[in-house]
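>>> Kindly return the folded structure for what I paste below:
(one chain, ligands or ions: 1)
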Amino acid sequence: MPLLISNGRIVTATDDYVADVYCRGETIARIEQAIDPRSLPPDTEIVDASGKLVFPGFIDPHVHIYLPFMGTYAVDDYESASQAALAGGTTTLIEMICPGPQDDPWEAFELWKSKATGLAAVDFTFHMSVVRFEDDVREQFRKIVKAGVASFKVFLAYKGALNLSDEHLFACMTMARELGVIVTAHCENADAIDAMQKLLLAAGKTGPEWHGPSRPPTVEADGVHHLCSFAELIGTHVYTVHTSCDEAVRAALAARHRGVNVWIESVAPHLVLDRTYAEQPDFEGAKYVMSPPLRDRANQAVLWNGVKSRAISTVATDHAPFSFGTQKVMGREAFTKIPNGIPTIQERVDLIHTYGVCEGRLTLNTMVDACSTQAARLFGLYPKKGAIRVGSDADLVVYDPDERGTFSRKTGHSKVDYCAYEGWKRRGCAAVVTVRGQVQVRGGKFVGTIGRGQFLAREPTHG
Ligand SMILES: [Zn+2]
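This is a model prediction of the structure:
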């Protein structure tokens with residue numbers, strides 16, 4: 001059905017103006033002041049956006065939905081995760097394909113894709129994790145890139161499970177450079193963490209409050225420096241995921257200063273939560289265990305200012321939903337066994353609006369840039385996604401900036417059994433959300449079609 005979004009204040013990464021947006025089929029067909037509805041087909045649906053903001057659909061460039069991890073599986077599937085994403089204004093997800101070291105990469109790609117196909121209500125694509133890079137699997141990665149996955153993910157953390165040896169990291173980054181593929185990286189020194197964990201556990205320090213001290217900022221900065229050294233030698237474009245602290249941001253910026261093509265991702269939990277949440281008694285802190293861990297509060301200003309100055313390109317979530325009652329408790333005896341993750345796929349944009357824009361830390365333009373446009377640009381989706389332009393996909397968010405509420409598990413669509421932001425005040429919400437011209441959310445409720453989401457094949461753009 002054709003769709004007219006009338007009289008909204010259109011806010012993109014660079015623009016801010018009032019206009020009507022007419023969507024025909026799956027794309028934006030006209031953007032004009034005062035489109036006369038009589039000039040449109042009679043079945044056109046009209047959404048009155050007076051007094052509201054109209055954003056390009058938000059993109060979360062770092063999520064986990066299907067995720068085997070530490071002997072269990074994250075609880076969401078694409079049905080629940082896409083409804084949660086859409087309720088928060090996110091219309092495109094980039095999920096990490098995370099196979100184990102024994103798994104066949106191509107089979108992993110097909111498995112992850114099959115988990116999304118038919119269940120996704122948002123558009124989706126992937127970063128391909130490279131957790132081993134022996135000769136026998138190398139050609140498979142070329143094939144995966146050809147199939148439309150134009151970004152790799154590597155782990156410098158998780159010793160003995162996911163982390164690549166330096167030999168394989170070098171070879172993988174060399175292939176990425178050759179193919180024009182950007183390498184996203186979890187930057188923490190795996191051996192240092194392993195040693196620190198053993199020391200803490202041996203000293204009887206087993207609670208979730210010791211997760212943070214086992215991987216302090218210096219361990220992350222070391223990882224960023226290491227990645228950037230290889231990028232400097234090889235020329236690969238790199239992207240540091242969930243960059244959490246001043247030390248790590250500085251390491252990336254120092255590399256950028258030397259000419260390394262490095263981009264920085266932050267995630268919403270690090271912007272608004274600090275380590276005291278992971279230090280709560282009675283194992284409550286386990287809800288707040290993620291890696292890199294929540295940091296001292298002083299780091300939040302560094303991250304907000306990094307986003308504001310656009311030194312930090314993106315705000316993602318690293319959504320990894322593990323239920324407290326059945327899964328986080330696996331780590332009661334040792335913090336090293338707590339599944340990592342702070343589910344935020346639904347809350348991200350509202351958190352950034354409430355605690356960033358409404359508190360004067362960010363402009364609306366910067367919010368859109370960090371939560372949508374930069375991800376589209378970096379990962380080969382622009383201007384199909386991340387823009388409000390004639391010809392772009394009609395992924396639009398009509399946002400009510402004056403709506404007031406609270407974050408709560410009760411209004412969450414994720415299957416996870418807690419909300420990390422329970423009871424926090426929320427300002428603003430997505431009133432209407434469209435994916436390629438079809439309304440998927442209205443009045444905060446999911447009214448869309450499960451399975452409508454499409455796989456977005458991407459060309460390498462980092463050649
Ligand atoms: Zn992650």
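>>> Mean pLDDT per helix and strand in the protein: which one sits at the bottom?
strand 68-69 (a mean of 88; mean pLDDT, DSSP states H and E).
>>> First-to-last residue distance for stretch 122-141?
25 Å (Cα to Cα, to the nearest Å).
>>> How about stretch 161-172?
17 Å.
>>> can you give me how far the least confident helix or strand of the chain is from the chain middle?
Strand 68-69 sits 18 Å away from the centroid of its parent chain (Cα atoms, centre = their mean, to the nearest Å).
>>> what does stretch 73-93 give?
11 Å.
>>> next one: stretch 25-42
On Cα atoms, centre = their mean, the centre of stretch 25-42 falls 32 Å from the chain's centre.
>>> What distance do you get for Val219 to Ala34?
57 Å (Cβ to Cβ, to the nearest Å). For glycine as for every other residue, the C-beta is placed from the backbone atoms N, C-alpha and C.
>>> The two - which one has more neighbours?
Val219 (24 against 10; other Cβ atoms under 10 Å).
>>> Show me which positions of the helix or strand hosting that one end up buried.
Using DSSP states H and E, Val219 sits in helix 217-234. For helix 217-234, burial by neighbour count (16 or more other Cβ atoms under 10 Å) applies to 217, 219-228, 230-232, 234.
>>> go on, stretch 398-405?
Those would be Val398, Tyr399, Asp400, Pro401, for stretch 398-405 by 16+ other Cβ under 10 Å.
>>> before we move on, back to that, so in that sheet, which strands flank the least confident helix or strand of the chain, and in what orientation?
Strand 68-69 pairs in its sheet with strand 72-73 (antiparallel), by DSSP bridges.
>>> Check which element follows the partner strand along the chain.
Per DSSP H and E, the helix or strand that comes after strand 72-73 is helix 78-87.
>>> any idea which helix or strand comes after that following helix?
That would be, after helix 78-87 and using DSSP H and E, strand 90-97.
>>> which other helices and strands contact that following strand?
For strand 90-97, the packing partners by 3 or more Cβ pairs under 8 Å, 6 or more residues apart in numbering; DSSP states H and E come out as strand 58-63, helix 78-87, helix 105-116, strand 123-129, strand 151-155, helix 374-378, strand 425-435.
>>> do you know which of the ones you listed lies nearest Arg275?
strand 58-63 (21.0 Å; Cβ to Cβ).
>>> contacting residues around that closest one?
Residues outside strand 58-63 that contact it (Cβ atoms under 8 Å, 6 or more residues apart in numbering): 81, 85, 88-96, 127, 184, 241-242, 265, 267, 314, 316-319, 345, 348-349, 371-372, 375-376, 378-379, 381, 385-386, 397.
>>> ok so, going back, let's have the helices and strands packed on strand 90-97 in TSV, adding mean neighbour count, mean pLDDT and distance to Pro213.
What follows is those, written out as TSV (neighbours: other Cβ atoms under 10 Å; pLDDT from 0 to 100; distance: least, Cβ to Cβ, whole Å):
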stretch	mean neighbour count	mean pLDDT	distance to Pro213
strand 58-63	29	98	25
helix 78-87	27	98	31
helix 105-116	18	98	33
strand 123-129	25	98	27
strand 151-155	25	97	21
helix 374-378	24	98	32
strand 425-435	23	98	31
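>>> okay, now Arg38: neighbour count?
Count around Arg38 with other Cβ under 10 Å applied: 6.
>>> per-residue confidence for it?
Per-residue pLDDT puts Arg38 at 93.
>>> same check, this time on Gly443
Note for Gly443: predicted pLDDT of 89.
>>> list the contacts for it?
Ala431, Val432.
>>> how much space between it and Ala430?
For Gly443 relative to Ala430 (Cβ to Cβ), the value is 10 Å.
>>> Now do the strands for the stretch 251-400 of the chain: every range, in order, please.
All strands of the stretch 251-400 of the chain, identified by DSSP state E, counting those that start in this stretch, fall at 262-267, 314-316, 396-406.
>>> Can you give the strand pairings for the shortest one, parallel or anti for each?
Sheet neighbours of strand 314-316, with direction, are listed as strand 262-267 (parallel) (DSSP bridges).
>>> How about the longest one?
Based on DSSP bridges, the strands next to strand 396-406 in the sheet, each with its direction, are strand 53-56 (antiparallel), strand 425-435 (antiparallel).
>>> roughly how far is the last one from the heart of the chain?
The one in question is strand 425-435. 18 Å.
>>> That one vs strand 58-63, what angle?
Here the directions of strand 425-435 and strand 58-63 differ by 100 degrees (axes from the mean of the first three to the mean of the last three Cα atoms, to 10 degrees).
>>> same for the helix or strand that strand 425-435 is followed by, what does it pack against?
Next along the chain after strand 425-435, taking DSSP H and E as the criterion, comes strand 438-442. Contact partners of strand 438-442 among helices and strands, from 3+ Cβ pairs under 8 Å, 6+ apart: helix 78-87, strand 425-435.
>>> any idea how far Cys371 is from Glu188?
From Cys371 to Glu188 the distance is 25 Å (Cβ to Cβ).
>>> Comparing the two, which residue is more hemmed in?
Legend: neighbour count by other Cβ under 10 Å for Cys371 and Glu188, higher for Cys371 (32 against 28).
>>> who's the closest residue in space to the more buried one that isn't next to it in sequence bridged to?
Leaving aside its chain neighbours, Cys371 sits nearest to Phe58 (4.8 Å; criterion: Cβ to Cβ, 6 or more residues apart in numbering). Beta bridges link Phe58 to Thr90, judged by DSSP bridges.
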